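Asker: what's the 3D shape of this:
(chains A, B, C and D)
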Protein chains: 2
Amino acid sequence: MDEIFGKIGSAQTLSQKIERRIEEAIRQKKLLVGAKLPSERELCEMFAVSRTALREALRRLSARGLIEIKKGSGMYVSELKIKDAIDSLNLYYDLSFDSNLIPQIIEVRRVFEPEIARMAANNRRDKDLDLLLKNIGDLEDCDPDNTQMEADIINKFHLNVAKASCNPIVIITMEPIYSLLPRMRNLIYANVDGEKDFTIKAHRTIYEAIRDKNADKAFEAMVGQINRTLEIYTQYLKK
Amino acid sequence: MDEIFGKIGSAQTLSQKIERRIEEAIRQKKLLVGAKLPSERELCEMFAVSRTALREALRRLSARGLIEIKKGSGMYVSELKIKDAIDSLNLYYDLSFDSNLIPQIIEVRRVFEPEIARMAANNRRDKDLDLLLKNIGDLEDCDPDNTQMEADIINKFHLNVAKASCNPIVIITMEPIYSLLPRMRNLIYANVDGEKDFTIKAHRTIYEAIRDKNADKAFEAMVGQINRTLEIYTQYLKK
DNA sequence: AGATATATTTTGGTATGATCAGTTTAAAGT
DNA sequence: ACTTTAAACTGATCATACCAAAATATATCT
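Answerer: Below is the predicted model of the structure:
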């Protein structure tokens, strides 16, 4: 119970208080997305603080993606993009990523992705199919020597499957994980003979299952795909 | 290709440039975790900028969790906590939450959580068991009228299961989702007769399965628990 | 000499006031 | 009615001064 004797007297700095106040207003939708905030000078009067303190609060809010500051124009409540949240995760991974995480990432994918494929088969719309099919074409056309692009396309395929699930929570949840894959490949990428062909075939199988709304087949196909990935990574992790 | 004609001349503000510079130094481990930055006055001279500009850069960095600022002491490179990244995701979910998402949240939990329970049964350490057991005790002792605390405890249980999986990716992934559960409950909480008893029994079953490293049983128990939740929500969502 | 209390210095936090540089708005001119 | 131009507004930066917390050095006492 560290909470009991936690600080009472505002260990909080003035600019932090201001930050909270504005943040709360946004969270409680008192300030709607797109709304224009009063100007710095006005806010200073309203809060009865100096411009210094106020501006530092605003800088923090903009750093967190809550507001957008346009010189000469004003400050606006911005729609918090997933990107902001994901950037934050990416930064975290960037600083703490190490090869020990790779098996855990694979484990997560092994467990989650087949179920996502199943959801995709159940919920997909036609336009999701277009994206998947186009992606497979991109992979086929991709220069075999451009491993970076190849990796990107493959990741995009999995992300597209997630999108086809039509469940935004799934998409938001998986996107940060997929963003890690290129890093993994950079670490242990192996240009295994026939790997690309196998991937294309696997993707096609998954695509067809989703197209036919065959949930079980989609599930199984994804299991196969991930297991293959698992094998390759395991093999190269031993080195 | 929006990139082609993108801005060249620093649409970047001075304080943003400073921010990037310091951020890069941290990313490239030129500044190690725990390292003390030069004082504000010193940095001003080094960058040849005013304190204002410098401070705003520092405020942003601290808002993003990259540095920690201690009044009277100095500024230190902080170990970016998962919490910072998760807070960002939480905020996003918080702002984009609406009741239409509830079925999709439940779907995600229905699909993911049983697998997480299985991982927990396979990987749990003894101290994870302590947490789970204590949590069940907390739920038993909890005032039945305090639905808020009850909800918090229940969420904590699921989070603890995720922690017992010993897979940090799972924890990071699920925590933002669990943080939404109290809000769901607030929307449609139903004080169903015997609901609490059922939950306690279910939690205990899950706990025992994890304790005994019985992965399949853990999986099934979690399925039962989530399905029950699903039922209740479905029932009350119709109203 | 060692421990304690006190004073000084260092460091971040806040407040003002002035100036610069984009944007927007309103006025002037055609 | 439209274009052009000037003014007003807004955020960005700078310089200075002073406050408050923390760390360090100094003095004091035992």
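Asker: all helices of chain A, in order?
Answerer: Remark: helices assigned in chain A by DSSP state H are A:14-27, A:40-47, A:51-63, A:82-96, A:101-123, A:126-141, A:147-164, A:168-178, A:181-188, A:195-211, A:215-237.
Asker: domains in chain A, as residue ranges please.
Answerer: For chain A, automatic domain parsing gives the domain ranges A:14-77, A:83-237.
Asker: thinking again about what came up before, now the helices of chain A in a markdown table, please, with extra columns for mean pLDDT, mean neighbour count and distance to DNA strand D.
Answerer: C-beta coordinates here come from the backbone N, C-alpha and C atoms, glycine included. Formatted as a markdown table, the helices of chain A follow (pLDDT from 0 to 100; neighbours: other CB atoms under 10 Å in any protein chain shown; distance: least, CB to the nearest atom of the strand, whole Å):
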| stretch | mean pLDDT | mean neighbour count | distance to DNA strand D |
| --- | --- | --- | --- |
| helix A:14-27 | 93 | 17 | 10 |
| helix A:40-47 | 94 | 13 | 4 |
| helix A:51-63 | 95 | 22 | 6 |
| helix A:82-96 | 82 | 19 | 17 |
| helix A:101-123 | 93 | 22 | 34 |
| helix A:126-141 | 96 | 15 | 37 |
| helix A:147-164 | 91 | 21 | 33 |
| helix A:168-178 | 89 | 20 | 29 |
| helix A:181-188 | 71 | 16 | 32 |
| helix A:195-211 | 93 | 18 | 45 |
| helix A:215-237 | 89 | 17 | 43 |
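Asker: Nearest to residue B:64, out of these?
Answerer: Across the helices of chain A, residue B:64 has its closest neighbour in helix A:51-63 (5.6 Å, CB to CB).
Asker: right, and residue A:46 touches residue A:39 too?
Answerer: No. Contact criterion CB atoms under 8 Å: residue A:46 and residue A:39 do not qualify, at 10.4 Å.
Asker: hmm, stretch A:75-88 in reach of chain B?
Answerer: Yes. Stretch A:75-88 reaches chain B (CB under 8 Å from any CB of the partner chain) through A:80, A:82, A:84-85, A:88.
Asker: Of those, which is the nearest to residue A:200?
Answerer: The nearest one, if we look at these relative to residue A:200 and count by CB to CB, is residue A:82, at 29.1 Å.
Asker: Next, work out how far apart that closest one and residue A:65 are.
Answerer: Distance, residue A:82 to residue A:65, using CB to CB, to the nearest Å: 10 Å.
Asker: Residue A:73 too?
Answerer: Residue A:73 is 18 Å from residue A:65, by CB to CB.
Asker: same check, this time on residue A:200
Answerer: Separation of residue A:200 from residue A:65 (CB to CB): 38 Å.
Asker: Run through the residues that contact the closest residue to residue A:82 other than its chain neighbours.
Answerer: Nearest non-adjacent residue to residue A:82, counting by CB to CB, 6 or more residues apart in numbering or on different chains: residue A:172, 5.8 Å away. Listed by CB atoms under 8 Å, 6 or more residues apart in numbering or on different chains, the contact set of residue A:172 reads A:82, A:85, B:89, B:92-93.
Asker: repeat for residue A:74
Answerer: A:36-37, A:39.
Asker: Show the buried residues in those.
Answerer: Among these, those buried by neighbour count (16 or more other CB atoms under 10 Å in any protein chain shown) are residue A:37.
Asker: Mind putting the contacts of residue A:74 into a markdown table with distance to residue B:164 and pLDDT?
Answerer: Formatted as a markdown table, those follow (distance: CB to CB, whole Å; pLDDT from 0 to 100):
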| residue | distance to residue B:164 | pLDDT |
| --- | --- | --- |
| A:36 | 47 | 94 |
| A:37 | 44 | 95 |
| A:39 | 51 | 94 |
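Asker: ok, so of the contacts of residue A:74, who is nearest chain B?
Answerer: residue A:37 (16.4 Å; CB to the nearest CB).
Asker: any idea how far that closest one is from residue B:11?
Answerer: 21 Å.
Asker: Can you report how many residues neighbour residue A:77?
Answerer: When neighbours are defined as other CB atoms under 10 Å in any protein chain shown, residue A:77 has 22 of them.
Asker: All set now, cheers.
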